[in-house]
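1. let me see the structure of the following:
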Amino acid sequence: MSLVPASAAATAAAFTVLIPARLASTRLADKPLADIAGLPMVVRVAQRAAQSAAQRVVVAADDERIVQACAAHGVEAVLTDKGHANGSDRLAQACTLLGLDGEDIVVNVQGDEPLIDPALIDACAELLVQREDCVMGTAAHAIESEADWRNPNVVKVVLDAAGRALYFTRANVPFWRDAVPPDALPSPAPLRHIGLYAYRAGFLRRYPTLEPSPLERIESLEQLRVLWHGERIAVHVAAQAPGPGVDTPADLERVRALLAQT
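-> Here you go, the predicted structure:
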């Protein structure tokens, strides 16, 4: 059974949301199944994604327990191999299992984003309708804190004049060559990358066959493989930061508290 939106904002893009879900996590045990206000986290993510204009929302799981938890709450799921190196490889297999056509648009919503904005999902899908020169779409927002700008755990993206990614990095870019004013950020503001991706299914299936790039290994950012091989990624700049994701037990408690307030 698929989750489909009862009503969603109009969009020209017809697309499928795929949610990679891996049971093992070094920082939070059985993360996709973590309880958030009575529902497994991966189910919360799927329900948020179903509020977008997606025609179909499917969880790509690596464990039968995730599939069963999804089925218990009316969420469609497929079982993929456990050995995938990253979420993109897992979704490539899911595209094959689901029989998606090469030009079909797929949006990768991370399975640890229970507060994802459905409108942001729509915006990423729409990018690929508008930008035929790009094989992928993603999102970013302006960084307002110097601490975030300097934090290597905050991934930055630099754009060209057409709104395409030039580079993704953990470094604080763009970098002031001359003396930096105290507590100052570059202007225009540096951009924080949001880990939300739209692909054409044909490229997503091709991605695992591309040789990993040295930059990808150094930065531990799989999207750099795409740029390394000469493909383009369009970037939607959101007006604000998305809700917090869940990587640690502390993150989980923060999200639980936010949902309790609503």
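2. grab the nearest non-local neighbour of Pro114.
-> Take Pro114 and drop its neighbours on the chain: the residue closest to it by CB to CB, 6 or more residues apart in numbering is Arg44, 3.9 Å away. From N, CA and C alone the C-beta is placed, and that goes for glycine too.
3. could you say which helix or strand holds the one you found?
-> helix 41-49 (DSSP states H and E).
4. can you give me the mean pLDDT across that helix?
-> For helix 41-49, the mean per-residue pLDDT is 97.
5. got it, and stretch 96-112?
-> Average pLDDT, stretch 96-112: 92.
6. distance between that stretch and the chain's centre?
-> Averaging C-alpha positions (CA atoms, centre = their mean, to the nearest Å) puts stretch 96-112 12 Å from its chain's average.
7. ok, now stretch 224-233?
-> 17 Å.
8. need the residues that contact it.
-> Contact with stretch 224-233 is made by 131, 133-138, 164-168, 203, 207, 210-216, 223, as judged by CB atoms under 8 Å, 6 or more residues apart in numbering.
9. let's see 10 Å
-> With CB atoms under 10 Å, 6 or more residues apart in numbering as the test, stretch 224-233 has contacts from 86, 88, 127, 131, 133-138, 157, 159-160, 162-169, 197-199, 203, 206-208, 210-218, 221, 223.
10. all the strands of the chain, residue numbers only.
-> Counting by DSSP state E, the segments of the chain that form strands are 15-21, 35-36, 39-40, 56-61, 76-79, 105-108, 136-142, 156-159, 165-169, 191-200, 233-238.
11. now do the third one: which elements does it pack against?
-> Helices and strands touching strand 39-40, by 3 or more CB pairs under 10 Å, 6 or more residues apart in numbering; DSSP states H and E, are helix 41-49, helix 64-72.
12. and the last one, what's its mean pLDDT?
-> So that's helix 64-72. Per-residue scores along helix 64-72 average to 97.
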